[in-house]
Each structure stands twice: as C-alpha cells, then as structure tokens.
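Peer 1: fold the following.
(chains A and B)
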Amino acid sequence: MDPALFDSLRLELRRGNLILAVLAQLRAEHYGYTLRTALSDLGLEIDEGTLYPLLRRLETQELLTSEWREEGGRRKRFYKLSPDGKQILKQLLAEWKTLNQSLTRIL
Amino acid sequence: MDLIDRYLAAVGRHLPTTLQSDVVDELSANLRSEAEGMAQRLGRPLEAADQEQILKPHGHPWLMASRYQPQQQLVGPALYPYYRQALVMVLFWVVLPMTLIGGALAAIYAQDSGQAWGRALGAAWSGAIYSVGIVTIVFAILDSQQVRITALDQWQPSKLPDPQDGRAVPRSESLFSLIANLTFLMIWIDLIRVPQLATWGGDEVQFVPSAVWSAVHMPIIVTVLVTIATSFVDLMRPWRTALFSLLRIANALAFAAIVVVVLRAQHWIDVVAPGVLHDRATRGDYWINQSIEWGLFVVLAITLFEASHEMWQLLVARRGRRV
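Peer 2: Predicted coordinates:
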C-alpha cells in the first residue's frame, strides 16, 4: 500500500475532527499552549504548527473570540468560543454523532 | 539571543507586516510556556538541544509563517468544479479562437510560413497563460471571500436531455442559417457580372473587382453549398452527429482559409472614373477597400468563433449515444 495515500487520507479524516475537538475544548478559555496540552492529556495530539494557525483561522471565521491578558508575568492570547461558535459547535456535534452512530453500525 | 528568539525572528520575517507583531507575540508566549514546562519537568535550565526539541515540531519558520496566511488554498473543493469548467470554457471560447485568429493574421501578414506558425503558437501560448491566470485569480478571490455558486442548486432532473436525441440543434438556428446562406449564394452568383457600373453626377464610374475574387469565386460557392446542405439536414433532423460536426468544422476552416487568401490581396475593388471625378474616385477607392477589409476581418472572426464553438460542442459537451 502507498504510505503517501494513507497519510493523505488520514489527514483528511483528522482535519474536521480536530476542528471539532478544538471548538469543544474552547468552551473553556485557553491560550495556545494550554489548549495543546489539554488536548494532549485527553489523548489528542496536535502539532503546534497546525493548532496555532488554526486558532487564528477560527477566529477570523468568528467562531472564536480572543483577548490579550497577562498571566504568570507574560502577555498571552486567550481564546474561547464565540456565540456563533457555540451554535456551530452544537450543529457540528449533532452531525458528528449521527455520522459516528452510522459508522459504528457499518463497522 | 537563544534559539527560540532566533526562531521567532525567522517566522516574523516571513509574515506580512500587518500580522508580524501579533503572531510573533502569541507564538512567543506559547513557546516560552512550553520551555518553562520542559524546564520544570527536567529540573534544570534548558540547553540549546532542548530548545531545538521544542522548536522542531513547529516546523520550518517559513512553513509556520505560511500557515498563518489567511488563504491556505487557491481554489477549494467547493469551487473547484466550476474553476475547472471555466478553464475548459476559456480554452475553447478565448484561447482557441484567439489562436485561430492569430494564425489567420499571421497567414495574412507574415513573410513566410515559419514566421506564421511562430506567431500563431506565440498567440496560443500567451493567450493560454493570460486566460488561465485571469480565471485563477478570479476564482482565488471568490474562494477567499467564501463565495458559493448556487446556480446549479435548482437544477431539474426532468430537463435532462434524452440521450437518444444526441446534441440538439434548434430548428430556428438551422432555418436562419439556411435563409442567410441561400441569400448570400444568390447575391454571390449574381456578382459574377463584372465590372459593376454606376453613375456619379452623370458620369459613369466603374467598380472593377480584383483578380482574387475570380480565384475564390468557386471555392466560396462550394463552402456555402456545404453550409446550406448541413443546415438543411439539421432542419430536417434537429440533432447533430459527430461526423456532421467535423464536416462543419472543416467547412468553417476552409471558408476561413478562403477569407485569408482574399485578405492577402490587400486591394479588392478598383474604382475607375473619368478625369473630372478622379479625386473623388481615389477617395471612394480608399474607403471602399477599407470597408471591405474591416468586413472581411469581421467575417473571419465570426467564422473562427463558429469553428471553435463547434469544436467545443464536439469535444467537451456531453453527447448522446447517437453521436
């Protein structure tokens, strides 16, 4: 089997799920590093090079809000779900659950 | 300056100035937190190798910076089918006609056939580059604005063509072509009476066609007759087969070649008048020939566009089983 094909399909499979996981995790406020460690502690590893720019894109799409705040003697950018983000997350979770149930039956 | 500072500086260099400080500050806070966490776990200050271990998963500074660009793809999957179709359409509706017209112009004005081919290929290449570039830019802008094309959302299955009917040709189109070509044929045959005479203030003025008209008289009749025959068949049986499309393309290209031959003559009518009208005849000669040249270019362009359209229908449009 072509490993490049597997990588490409794996990437596609993960992409949407990562967004869902990030949105769900940001129901509580995080900055980039703590978000990554929180996801990692829950078993979801995500590259820094993927996560940090993703946060910016989700904010541009108005799914997240952010604010700069000082913590531990350093300014950090904290993200959390916006009202639109909450709405979208609810819809995406419903979609994911349906898909997951179907997949479970299929598999 | 430690490795983290150097990494941040390198990322910053690849970012647009509007994002630079914001992204670098944020990335810096994340990296420093990560470094603190690592130092706590190790129970000692970090060395260069430890910092390298932190930085490596972030990716090359250029790659990291590029991921912060607002647009990550030129044309996404939602727009891609439209983009691809637009490229194909541009190929047939812009590049191909421009190439044919470029080739025809080269055939009219070039000194030799090598030069003509060179110019035609040059026109094709530059036309293709410009067209693909413009279409890509337009779709990249649409994608960046998250525009969704909804034109095909309301499609109706009942309006799908019957595959048994092949490519339908409207009867109105065939009828118009038939009438127009028959009319032209009658005028063209009648034009054999040369020279034409007219009176200008009581004096007789002659309009003498140049020799090129005699040379192309019969070829024009043949191409017009082929058009009349194919239009008649289209009228009787309003769907067109691939063979018929090929015949129409060949006929259109043959007609275009005849127009090129005529254009190469560069003078088509001599206006001959007695001495007192000589000046007016000279001006008349100029304007008549100028008008004929413009008219011929219009006819050439239309013919080549028709040939491109027929090629598009033949090669790209979905065909039924009869084609």
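
Peer 1: please export the C-alpha coordinates of the helix or strand A:W68 falls within as PDB.
Peer 2: The secondary structure element spanning A:W68 is strand A:64-71 (assigned by DSSP states H and E). Listed in PDB are the C-alpha atoms of strand A:64-71, where the atom choice follows Å, rounded to 0.1, in the frame of the first residue of the first chain:
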ATOM      1  CA  LEU A  64     -13.700  32.200  18.500                       C
ATOM      2  CA  THR A  65     -13.000  35.400  20.300                       C
ATOM      3  CA  SER A  66      -9.700  36.300  21.800                       C
ATOM      4  CA  GLU A  67      -8.200  38.700  24.300                       C
ATOM      5  CA  TRP A  68      -4.600  39.500  25.300                       C
ATOM      6  CA  ARG A  69      -4.100  39.200  29.100                       C
ATOM      7  CA  GLU A  70      -1.200  39.000  31.400                       C
ATOM      8  CA  GLU A  71      -0.700  35.700  33.300                       C
END
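
Peer 1: contact distance from chain A - what residues of chain B qualify?
Peer 2: Near chain A, the residues belonging to chain B are B:23, B:25-27, B:29-30, B:32-34, B:37, B:57-59, B:63-64, B:67-68, B:70, B:72 when assessed by C-beta under 8 Å from any C-beta of the partner chain. From N, CA and C alone the C-beta is placed, and that goes for glycine too.

Peer 1: show me where chain B has strands.
Peer 2: Ranges of strands within chain B are B:167-168, B:196-200, B:203-209, B:239-240, B:269-272, based on DSSP state E.

Peer 1: least confident of these, on average?
Peer 2: Lowest mean pLDDT of the strands of chain B: strand B:196-200, a mean of 64.

Peer 1: picking that back up, winner for burial among the strands of chain B?
Peer 2: A comparison of the strands of chain B by mean neighbour count, using mean count of other C-beta atoms under 10 Å in any protein chain shown, puts strand B:239-240 on top with a mean of 21.

Peer 1: partners of that strand, with directions?
Peer 2: The sheet places strand B:239-240 alongside strand B:167-168 (antiparallel), with pairing taken from DSSP bridges.

Peer 1: quick one on the thing from earlier: would you tell me which of the strands of chain B gets closest to B:E52?
Peer 2: Distance to B:E52, taken as C-beta to C-beta, is lowest for strand B:167-168 among the strands of chain B, at 64.7 Å.

Peer 1: now find how far off-centre that closest one is within its chain.
Peer 2: 23 Å (C-alpha atoms, centre = their mean, to the nearest Å).

Peer 1: these two touch, right, B:F207 and B:A273?
Peer 2: No: here B:F207 does not reach B:A273: they are 9.9 Å apart, not a contact under C-beta atoms under 8 Å.
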